[in-house]
Each structure stands twice: as C-alpha cells, then as structure tokens.
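K.L.:
All I have is the shape, not the residue letters:
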C-alpha cells in the first residue's frame, strides 16, 4: 500500500505537466496542495513552451544534433506540444477531479481509496503516455546508434531526478510543516531555482538541487520531523542499507541525495 501512495505522488506531479514529462517543477507560482512547503504550499511549473524549448536545447547539446536533425526534432516537439494540448483540453477536468480525490485520500490516509484512484490515474493517463512514447520513437528514428544510447540515458536521468524531487515534496507534505517552515522551504527552493538556471552542466544543476534538499532537511526541520523523514527514506530503501524493497540506493528519496535525517 505504501508503494501505491508513493506512486500516486509521482503520478500527480507527472500529469500536472500539461505538455510534456520534461516540464520542470519550480517553487513559487502555480498552486497545488502538497508542494515543497507542505499542505497548501505553492509551486511553479515552467510554461509548456519554455519547458519544451529547454528540452530541445538540452537535446541539441547532449546529442550533438546536426542542422538537419535539429529541424526535424523541433518539428516533432512542436507537434507533440499540440497533441498534449489537445489531450489536456479533452481530459483536463477529469484529471483535475481525480487529482483532488488523490490528495484527499492521501491526507486522510485512506489506502484502499488510493489503490483504486491510482488505477484510475494509470488508465486516464495512458493516452498521454502513448503520445510521449510516440514522440520518443520519432526522435530515436532520427539518431545514429551512438546518439540513441545517449538519448536513452538522458531520459533515464530526467525520470530519476523528477521521481526524487517529487518524493521529497510528498515527504514534506506528511511532516505538517508550520507556516514559518513553509516560507523557509520556499525561500531555499527559490534560491536553488535561480542558481540552477545559471548552471550549464546537468551535474551542477543536480548538485544545486541536492544542496537545497539538504538545507531544508538540516536547517528547517525539527528533530522529530527529521526522524520521520528518515523512517520514510528507510521504508523506500536508500543509501546506507535501508530495508526498502528497492534495495540500497534505490528509493526515490535517495534520488535527491537524502542519505540521512
């Protein structure tokens, strides 16, 4: 059941990215209960156009696309954006309602309800996932063997990073942060956002996010909250031999470098 709850957190974050899995979540604008500051906190998502432009720029750099490939990839992404916009137009209200039900069930700790809602979310977002997979296949068809391997690793890194930060946000929501703590969390993530935008290398960006997570953990949470967070990490399996099912290093909290309470 715990696994279903964690997966619901991840799904909620994913389906909110209206145009693509590559939209980056940021603290600030864009309200959703359970953001980085806990219940009622707010977070900002990059506009769809900006998210796709950033994704495109990263692809050009990472895959070293030639001019012909760049034009073709740009066309694929433009078409994908329109397809996702159409999907949201058709299913947006249903998605919103389901998301609200998930949040309510999580707050109430209703595991049975979460299990059913998780299944509904999977069914609802199946079409969205298919659109994304089609886009991936179209891009892969343009690449040589070396670029294909780079692209697959690139997507894997992004999925892992997204899963980790969403797990951390979900964990914070369960810690009942005070208004003052929420404000501090928002401030830390805002500073990290600004620093990450100025970093060109993905490793540097990841290090900035890990530092923000560490700052929140060490400088904002109480000892009791730290202990609760550590228990969550251990249940999911993280560095240091936690008993989670995924084994050492495999839990979503480990993805953001949360190695100790």
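P.N.:
Cool, got the structure. What you see is a predicted model; the values in this text were computed from it and never measured.

K.L.:
average pLDDT across the helix or strand harbouring residue 61?
P.N.:
For residue 61, the enclosing helix or strand under DSSP states H and E is helix 48-63. Mean per-residue pLDDT for helix 48-63: 84.

K.L.:
Would you mark the buried spots in it?
P.N.:
Neighbour counts over helix 48-63 (16 or more other C-beta atoms under 10 Å) mark 48, 51-52, 55-56, 59, 63 as buried. Every C-beta, even on glycine, is put in place using the N, C-alpha and C of the backbone.

K.L.:
okay, those residues in JSON lines with distance to residue 216 next?
P.N.:
Below are the buried residues of helix 48-63 laid out as JSON lines (distance: C-beta to C-beta, whole Å):
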{"residue": "48", "distance to residue 216": "28"}
{"residue": "51", "distance to residue 216": "24"}
{"residue": "52", "distance to residue 216": "29"}
{"residue": "55", "distance to residue 216": "27"}
{"residue": "56", "distance to residue 216": "31"}
{"residue": "59", "distance to residue 216": "31"}
{"residue": "63", "distance to residue 216": "34"}
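
K.L.:
Could you tell me the end-to-end distance of stretch 167-180?
P.N.:
By C-alpha to C-alpha, to the nearest Å, the extent of stretch 167-180 from end to end equals 22 Å.

K.L.:
Please point out which parts of that stretch sit buried.
P.N.:
Residues of stretch 167-180 classed as buried by neighbour count (16+ other C-beta under 10 Å): 167-175, 177.

K.L.:
In this protein, spot the helix with the most residues.
P.N.:
For the chain, the helix that runs over the most residues, judged by DSSP state H, is helix 67-108.

K.L.:
what bits of the stretch 51-200 of the chain have low per-residue confidence?
P.N.:
Applying pLDDT under 70 to the stretch 51-200 of the chain flags the ranges 161-165, 200.

K.L.:
What is the helix holding residue 61 packed up against?
P.N.:
If you count contacts as 3 or more C-beta pairs under 8 Å, 6 or more residues apart in numbering; DSSP states H and E, helix 48-63 packs onto helix 67-108, helix 145-173.

K.L.:
tilt between whatever helix or strand comes next after the longest helix of the chain and helix 67-108?
P.N.:
Using DSSP H and E, the next helix or strand after helix 67-108 towards the C-terminus is helix 111-124. Orientation check (axes from the mean of the first three to the mean of the last three C-alpha atoms, to 10 degrees): helix 111-124 against helix 67-108 gives 160 degrees.

K.L.:
In terms of secondary structure, what does helix 111-124 contact?
P.N.:
helix 2-15, helix 67-108.

K.L.:
can you tell which of the helices and strands packed on helix 48-63 is closest to residue 234?
P.N.:
Nearest to residue 234, of all the helices and strands packed on helix 48-63, is helix 145-173, at 12.0 Å by C-beta to C-beta.
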